[in-house]
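Participant: Below are the sequence and a predicted model for it; my questions follow.
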Protein chains: 4
Amino acid sequence: MANLTLGDREYFKGIGQIKFEGPESDNPLAYRWYDENRVVAGKTLKEHFKFSVAYWHSFNANGTDPFGGPTLNFAWDESSDVITRAKAKMDAAFEFITKLGLPYYCFHDVDVVDYGNDINENDRRLQTMVEYAKQKQAESGVKLLWGTANVFSHERYMNGASTNPDFHVLAHAAAQVKGALDATIALGGENYVFWGGREGYMTLLNTNMKREQEHLARFLHSAKDYARAQGFKGTFFIEPKPMEPTKHQYDYDCATVIGFLRQHDLLGDFKINIEVNHATLAGHTFQHELQVAADAGVLGSVDANRGDYQNGWDTDQFPNNLNELTESMLIFLEAGGLQGGGVNFDAKIRRNSTDPADLFYAHIGGADTFARALITADNILQNSDYRQIRQNRYASFDSGKGQEFEQGKLKLEDLRAYAIEQGEPTLQSGRQEYLENLINRFI
Amino acid sequence: MANLTLGDREYFKGIGQIKFEGPESDNPLAYRWYDENRVVAGKTLKEHFKFSVAYWHSFNANGTDPFGGPTLNFAWDESSDVITRAKAKMDAAFEFITKLGLPYYCFHDVDVVDYGNDINENDRRLQTMVEYAKQKQAESGVKLLWGTANVFSHERYMNGASTNPDFHVLAHAAAQVKGALDATIALGGENYVFWGGREGYMTLLNTNMKREQEHLARFLHSAKDYARAQGFKGTFFIEPKPMEPTKHQYDYDCATVIGFLRQHDLLGDFKINIEVNHATLAGHTFQHELQVAADAGVLGSVDANRGDYQNGWDTDQFPNNLNELTESMLIFLEAGGLQGGGVNFDAKIRRNSTDPADLFYAHIGGADTFARALITADNILQNSDYRQIRQNRYASFDSGKGQEFEQGKLKLEDLRAYAIEQGEPTLQSGRQEYLENLINRFI
Amino acid sequence: MANLTLGDREYFKGIGQIKFEGPESDNPLAYRWYDENRVVAGKTLKEHFKFSVAYWHSFNANGTDPFGGPTLNFAWDESSDVITRAKAKMDAAFEFITKLGLPYYCFHDVDVVDYGNDINENDRRLQTMVEYAKQKQAESGVKLLWGTANVFSHERYMNGASTNPDFHVLAHAAAQVKGALDATIALGGENYVFWGGREGYMTLLNTNMKREQEHLARFLHSAKDYARAQGFKGTFFIEPKPMEPTKHQYDYDCATVIGFLRQHDLLGDFKINIEVNHATLAGHTFQHELQVAADAGVLGSVDANRGDYQNGWDTDQFPNNLNELTESMLIFLEAGGLQGGGVNFDAKIRRNSTDPADLFYAHIGGADTFARALITADNILQNSDYRQIRQNRYASFDSGKGQEFEQGKLKLEDLRAYAIEQGEPTLQSGRQEYLENLINRFI
Amino acid sequence: MANLTLGDREYFKGIGQIKFEGPESDNPLAYRWYDENRVVAGKTLKEHFKFSVAYWHSFNANGTDPFGGPTLNFAWDESSDVITRAKAKMDAAFEFITKLGLPYYCFHDVDVVDYGNDINENDRRLQTMVEYAKQKQAESGVKLLWGTANVFSHERYMNGASTNPDFHVLAHAAAQVKGALDATIALGGENYVFWGGREGYMTLLNTNMKREQEHLARFLHSAKDYARAQGFKGTFFIEPKPMEPTKHQYDYDCATVIGFLRQHDLLGDFKINIEVNHATLAGHTFQHELQVAADAGVLGSVDANRGDYQNGWDTDQFPNNLNELTESMLIFLEAGGLQGGGVNFDAKIRRNSTDPADLFYAHIGGADTFARALITADNILQNSDYRQIRQNRYASFDSGKGQEFEQGKLKLEDLRAYAIEQGEPTLQSGRQEYLENLINRFI
Ligand SMILES: [Co+2]
Ligand SMILES: [Co+2]
Ligand SMILES: [Co+2]
Ligand SMILES: [Co+2]
Ligand SMILES: [Co+2]
Ligand SMILES: [Co+2]
Ligand SMILES: [Co+2]
Ligand SMILES: [Co+2]
């Protein structure tokens, strides 16, 4: 458990350390399932999840949306001095994270401190805050899950960053990524993320998609080479998203990203950070994206949230669906968990959730839902016929002609001969309803 | 122009040869834009499109849908003898195709003749019909664009064909594919298509996705090796579709398929057959899918139709949208057209389009819309600043530091230095509205 | 509990009476939550739900889908004699329903017995089966929740039934509805349903929407008047659906149907049958549709199933989502339950669920999920601050100026004066995350 | 044509009066179809459309989106004085509108001048600008199509305005609406619009939907009564939208709004303002929403724009689709046009359209597409069998038994007797493909 770490001022007064109290507790400010020391499938819940608080949603986003202004007025934003304000925000962040008792955090460069247009000055600001964060991390025990650069919000990135048609803009993105990599490395960040916010197009009419994607690949190579040269041992993550803010984003979904990484010889260093809401916006389930990534050996990290199935944009709500998460944790466990990353709450409270406690409820609910889902999934794997049913289903490939087929020993003609010899196959039920009932039996 | 080719009986009485009459014609049974001999961008329209009539939608589909039975009672289905019925249908098909004057057709094995459960008997039936088709092709000049096997309709394929968990079923699929390949080769078919109707899953709860996809890859290799051994020189196509009938189909979209082909070393022999409605069901535009395939060098063929943006299933309507097709034909022309394939009308008349003429109107409208779109797109390329605007947009990469970046000569630090040296970039408009107006100026 | 009611032959051999065994049971053929005698909020679960088995999905649908033929070969379909076959099917139906111990069933006319094109003969067939069903109902204690006429599957209805542009077709629909009403009344059916399968349009280009909707209203009046004249005391239900099979269905969603009923003076006799999957296809949640209907006093009945959020058609899967159903049961309980109707499993097992037990698992899972959700919702209402929070939120309208506003006593100027007098309001959190956690605390 | 109306400074230098030059013109800053004096179906294009420029998108929206800051730096925003800035903006607005030669504009109160939290001060500011606008209108001839109040952007409206659970907030909304009504009346505004930006819910868990909707109805009555008392003779419009910013908006679509207006006795004074992108987000076509409104006699006004079928949020792009608009103009013409309103470009240039000319291209393209579509639709109505086909399709209801049915003279039994007497009906093709071809023939 992290050490409570306050700054000069307490921002979330009246809310103390959040503790695990068990499923029977009716305390809304306690964990009911997330007992960080509970061992499930050989690891503690803390190790499984490496829960992380996202700087941007929790300490920067103020409720603004396309149809309205801020609703959250942050006490840490009061100072007019850039660095004083940034330190106050970091104080608030570590207070919040340690009150929650979560072990990790994540940030974009511009979350930590405001950026202007002067690259050197921006780097100095970030370095100042890196020194401050080092102290905070040491004091609290909280670690950096990953860092990233925001190369989509500034007006210069309106046509993309590394895929911008103007080389000049690409160079600015490189400057920013270098700074964010330096900060991540300095803070012992375990991973580094690329989310391509405007790496895509608004219309194909003005876009050379092939050239832009080649620039993206080359840019990623440059960033990786730089970081490796600086001694970075962590994993790089691509975070897929199908659209928004652009009409189409190049990192559409896991299958698309994996294809891109393979084509451009990046599979060794890059894995995937799957965001739940991005999965559903892409027409997939979260489960599907986990499985696709796991099958390719690139299930790196998770951005935990949820969307709204009736709304077609990134609502980034906190996770709450027990059925969907239980099914997801089955895949998570069978894949052996995450490679390098953790479960980062890339989620925001609703614009009208204006009580200070709301941010706590949200994170508590998210952590509890994941914890309960993992415990349930482990139960299913240990105490039901789930695994057996799945294994038996493919038994015809485990020996005999089926095995020969898998070994590449059969030609099309051989297969035809086998079909004739064996006659018409028996129908074998997929048993979907049985398996769905099984999930609910264990929730 | 194909030769009118009737059988013993005329099925579309009262409708003669459909001719090109020009845009001013008000004859609903004439082409207004599709003049097969018109030369656009160095090729005739006939060569550009290689329009093809789809056997299944036009001569088999009888109006049945999930909520109702047949509405179309085909005169060619009257005989109780399998082969007599199949020949009557083929007579009707060639009558229709030649009255339309289109140069190609496509089929699944089971479209041509009814299949039972006896593999040898099925092959004999198909071979009988291949002989009959050879005569029809010779008489009419109509050619086979591609053949394919329907390995999704029979109950045995309910859990997939080459991705079926039961090897026994996979072997049956192989038998059928062999028969369809033999038929395609015998008829001089120029390509062969795989559409994975049930190659996917209904629920991940019972599915080993990785193992199923590996089976799919191996199966495709077997089929390809067999066909090459028989001397087949054509291209194999994968036809992507995101879902339906399964919840998720492995050949989701072009990017997914390209990634799969690359991973499994199939890129040399396989290209893509893009269906418009499948593109839109996958959350893309048709234009997008064309561009993705073109960029990977696998733009093989097109299944022409359209969906309904308010309905989430494969409506397979005939194409009619001028804006969308004109934008698509810009990509088509800039890509140098299709590699091996053609434009196949994988489209069906509405269930309540019960007049014999309706099938003619549908094909005429589809051909005219493509023709008009191609002519318009060529006009845009020849007579506007469309190309210039697109080229200029990337000019910073054509020389100097941008070019060095493309050549892999710049490190992340170099890029940063360049950004500092050059200062803040100027915003450059994407000019989307200008370009959209341009399209409409030429339609 | 219904009495086990077999015919001459046992169709579901090896499966006996399904019993309630409690949450700890691991028997997949037992209820874990649905204890029909358990009292919740003053009524037994049996009374709350009036669970009903749907004839069409369970005894007619054979696995056919738009891409494949039957996978389920029903033993009750063997006879070549229409009435013998219909009786065998009814035997199977009552065996299944009574083995499940569910109290109700529902049917379309053509589910019960095959129809031809002769109206008088169809009526005779249905009457024969009504006599048979009377015996079955008496023997088993199973009752008819509602009847309905299938006026969408026959080719004559391809352009609609009561909204067909051809009056002649409308008359045929009337004949069928009359027969179905007679059967429903004869069997003591408690309600009668209209689902407008093809009451809508394929394209507006050929449609006079206003005239068609007026025909629909008049048709409903005729049917209602006839039934009332025959002494029918039950409720009529409209079942909304936004699309499929048509591009647009007139009974789009609850709000649309309520507007239509009000406009055409049908609100007194008609209420709504809400199908879950139709709610989600219309861009709503099931919860939303329940609330809309409840607010208008027309929450009549429920077709229980679920869709797939990634697939845009009516998948009609069995319900399994605990979060969604618990939230729905909160509305259900607060609305005082259903008015006249029940919870009908308008759901089908997957096409590849070919084991006889699958149909049992499916219904058991559905009943258990509803039961558990209702019990949980009742718990939330009884043992949490859910109600209090909701009530307090509107307290400003319970007295003072807010109350005067509700009573219509304040003008726009008065409201403005009040705003000035009171100054800027305090922001009040919507507490969404707190409430979402509450749901999961009780599941 | 409006008179060019500049302020002290010219904001769009280098762009003069936009003129009609005809379809052959290749001048991107000229109208090719919108000849305001061209008479179509008895009215000039100017009269048909009453094209209006939207203040918010064109003079306030600066490119900010949920993932990035401003990209458009408006010269009219330079002054630090509220009124000076507002007047500069109005100068720019009238310069733009009169250079385009469009006859109308629209605004929200807060578009015209910045609002603070003091109601009286806000009203004074608006009144000052009303006086300024009067001069501008007089000088230019430009008129106010409609006014509206923005009661969704301020933080106080985060839980709704007239549907806010806190009466205090509702009162503030009333104050603002009163001010906007006063301004609209003072400027001779022809209509007044209500768009319920946050009149809906974020979650049903905290929402009393019925009570909120009753508040909405009462609020609308208050506003209407006030305006009528002030002598306002114009029409009130409700603008439907299904979602965004809320999860669900009460004014979901036309059918929902019409039902609400009828239920709450508002149909006499209120009509509908249909926004294209809101129609498509609601799962409808624009055509559909036009027809629904026309059938109820409430087709009041149009917000012209378009969405992106692959993106599920309100992209508010300028219209460009010829097929969709031509089909829409068929309904527009057959309905006799708009009742009171006009065609307002509620559309924004893309965030990366940063050239001053882009705003001109966008409006020119929008106006031309509507003009071309109307001309084409009129052509179809005058010179094709479109009307005849539609009329003939319902001929069976124009006389005989069908007519008697429409007159309410036939009982269900009578209909059945007619069906028996007439036997099985003949299938009548819906001729969809023929009609679709017809549209393209005339474009
Ligand atoms: Co994320
Ligand atoms: Co997100
Ligand atoms: Co296809
Ligand atoms: Co299709
Ligand atoms: Co239903
Ligand atoms: Co359904
Ligand atoms: Co609007
Ligand atoms: Co909009």
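Facilitator: Received the coordinates, thanks. Ligands and ions are numbered 1, 2, ... in the order given.

Participant: Please count neighbours and contacts with C-alpha atoms only from this point.
Facilitator: Noted.

Participant: Up against chain B, what does the stretch 301-443 of chain A have?
Facilitator: When proximity is defined by C-alpha under 8 Å from any C-alpha of the partner chain, the stretch 301-443 of chain A lies next to chain B at A:327, A:389-390, A:393-397, A:402, A:406, A:408, A:410-413, A:415-420, A:422, A:424-427, A:430-432, A:435-436.

Participant: Output the contacting helices and strands for the helix or strand that residue A:419 is a member of.
Facilitator: In this assignment (DSSP states H and E), residue A:419 forms part of helix A:412-422. The contact analysis (3 or more C-alpha pairs under 8 Å, 6 or more residues apart in numbering or on different chains; DSSP states H and E) places helix A:412-422 against helix B:167-186, helix B:209-229.

Participant: Can you name the next helix or strand after the last one?
Facilitator: I take that to be helix B:209-229. Criterion used, DSSP H and E; the element after helix B:209-229 is strand B:235-239.

Participant: buried set for that following strand?
Facilitator: Going by neighbour count (16 or more other C-alpha atoms under 10 Å in any protein chain shown), the buried part of strand B:235-239 is B:235, B:236, B:237, B:238, B:239.

Participant: Strand partners (parallel or antiparallel) of that strand?
Facilitator: Paired neighbours of strand B:235-239 in the sheet (DSSP bridges): strand B:191-195 (parallel), strand B:270-275 (parallel).

Participant: Could you list the residues in contact with stretch A:112-131?
Facilitator: With C-alpha atoms under 8 Å, 6 or more residues apart in numbering or on different chains as the test, stretch A:112-131 has contacts from A:55, A:82-83, A:86-87, A:89-90, A:109, A:175-176, A:179, A:183, A:186-187, B:420, B:424.

Participant: Next: stretch A:414-432.
Facilitator: B:117-119, B:155-156, B:159, B:168-172, B:174-176, B:178, B:203, B:205-206, C:350, C:352-355, C:358.

Participant: Find the closest residue to chain D in the stretch 201-350 of chain A.
Facilitator: residue A:312 (4.0 Å; C-alpha to the nearest C-alpha).

Participant: What values do phi and psi take at the nearest residue to that residue once chain neighbours are set aside?
Facilitator: Nearest non-adjacent residue to residue A:312, counting by C-alpha to C-alpha, 6 or more residues apart in numbering or on different chains: residue D:312, 4.0 Å away. Residue D:312 adopts backbone torsions of phi -90, psi 30, taken as degrees, to the nearest 10.

Participant: do the same with the one 4 residues further on
Facilitator: Summarising the backbone geometry of residue D:316 under the convention degrees, to the nearest 10, its torsions are phi 50, psi 50.

Participant: What is the neighbour count of it?
Facilitator: Applying other C-alpha atoms under 10 Å in any protein chain shown, we find 23 residues neighbouring residue D:316.

Participant: Look up how far residue B:426 lies from the closest residue to chain D within the stretch 151-300 of chain A.
Facilitator: Nearest residue of the stretch 151-300 of chain A to chain D, counting by C-alpha to the nearest C-alpha: residue A:153, 3.6 Å away. According to C-alpha to C-alpha, to the nearest Å, residue A:153 stands 16 Å off from residue B:426.

Participant: one step back: which of the contacts of stretch A:112-131 ranks first by neighbour count?
Facilitator: residue A:109 (27 neighbours).

Participant: My read is that it contacts residue A:146, right?
Facilitator: No - with contact defined as C-alpha atoms under 8 Å, residue A:109 does not count as touching residue A:146 (11.1 Å).

Participant: Could you look up the SS state of the residue lying closest to residue A:296 once chain neighbours are set aside?
Facilitator: Nearest non-adjacent residue to residue A:296, counting by C-alpha to C-alpha, 6+ apart: residue A:258, 7.6 Å away. Under the three-state scheme (DSSP: H, G, I helix; E, B strand; the rest coil), the conformation of residue A:258 reads as helix.

Participant: For residue A:258, give me its contacts.
Facilitator: Residue A:258 neighbours (C-alpha under 8 Å, 6+ apart): A:267, A:293, A:296, B:259.

Participant: Give me every residue in chain A that's in contact range of chain D.
Facilitator: Contacts of chain A with chain D, taken as C-alpha under 8 Å from any C-alpha, map to A:65-71, A:152-155, A:158-159, A:197, A:243-245, A:247, A:310-313, A:351-352.

Participant: In ChimeraX, how would I select the buried members of the residues you listed?
Facilitator: Of the residues of chain A next to chain D, the buried ones can be selected in ChimeraX as follows, counting by 16+ other C-alpha under 10 Å:
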select /A:65,68,69,71,152,153,154,155,158,159,197,243,244,245,247,310,311,312,313,351,352
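
Participant: Highest mean neighbour count out of the helices and strands packed on helix A:412-422?
Facilitator: Among those, the stretch with the highest mean neighbour count (mean count of other C-alpha atoms under 10 Å in any protein chain shown) is helix B:167-186, at a mean of 25.

Participant: Tell me what angle it forms with strand B:191-195.
Facilitator: 150 degrees (axes from the mean of the first three to the mean of the last three C-alpha atoms, to 10 degrees).

Participant: Does helix B:167-186 reach chain C?
Facilitator: No - if you take C-alpha under 8 Å from any C-alpha as the test, helix B:167-186 misses chain C, and the best it gets is 13.8 Å.

Participant: residues making contact with that helix?
Facilitator: Contacts for helix B:167-186 (C-alpha under 8 Å, 6+ apart): A:396-397, A:402, A:412-413, A:415-420, A:422, A:425, B:108-109, B:119, B:123, B:126-127, B:130, B:144, B:146-149, B:151, B:156-157, B:161-164, B:190-192, B:219, B:223, B:226-227, B:232.

Participant: With stretch A:149-165 instead?
Facilitator: Under the criterion C-alpha under 8 Å, 6+ apart, residues A:108-110, A:169-174, A:176-177, A:180, A:194, A:196-201, A:212-213, A:215-216, A:219, B:393-394, B:396, B:425-427, B:430, D:67-71, D:351-352 lie in contact with stretch A:149-165.

Participant: What's the end-to-end length of it?
Facilitator: So stretch A:149-165: terminal residues 20 Å apart, C-alpha to C-alpha.

Participant: Mean confidence (pLDDT) on that stretch, please.
Facilitator: When pLDDT is averaged over stretch A:149-165, the result is 98.

Participant: Just give the nearest non-adjacent residue to the most centrally placed residue in chain A, would you?
Facilitator: Centroid check for chain A by C-alpha atoms, centre = their mean gives residue A:303 as the closest residue, at 2.3 Å. Of all residues not flanking residue A:303 in the chain, residue A:275 sits nearest, at 4.3 Å (C-alpha to C-alpha, 6+ apart).

Participant: same question, residue A:210
Facilitator: In space, and not counting its chain neighbours, residue A:210 is closest to residue B:295: 5.8 Å by C-alpha to C-alpha, 6+ apart.

Participant: right, and the one you found touches residue A:212 too?
Facilitator: No - at 11.2 Å, residue B:295 and residue A:212 do not qualify as touching, with contact defined as C-alpha under 8 Å.

Participant: domain ranges for chain A?
Facilitator: If you go by the TED database, the domain ranges for chain A are A:19-383, A:401-442.

Participant: so which of those domains is the most packed in?
Facilitator: Of those, domain A:19-383 is the most buried (mean count of other C-alpha under 10 Å), at a mean of 21.

Participant: distance between the ends of that one?
Facilitator: For domain A:19-383, the first-to-last residue distance is 29 Å (C-alpha to C-alpha).

Participant: Distance check, residue A:142 against residue A:187.
Facilitator: Residue A:142 sits 11 Å away from residue A:187, going by C-alpha to C-alpha.

Participant: actually residue A:104, not the one I wrote
Facilitator: Counting by C-alpha to C-alpha, the gap from residue A:104 to residue A:187 is 12 Å.
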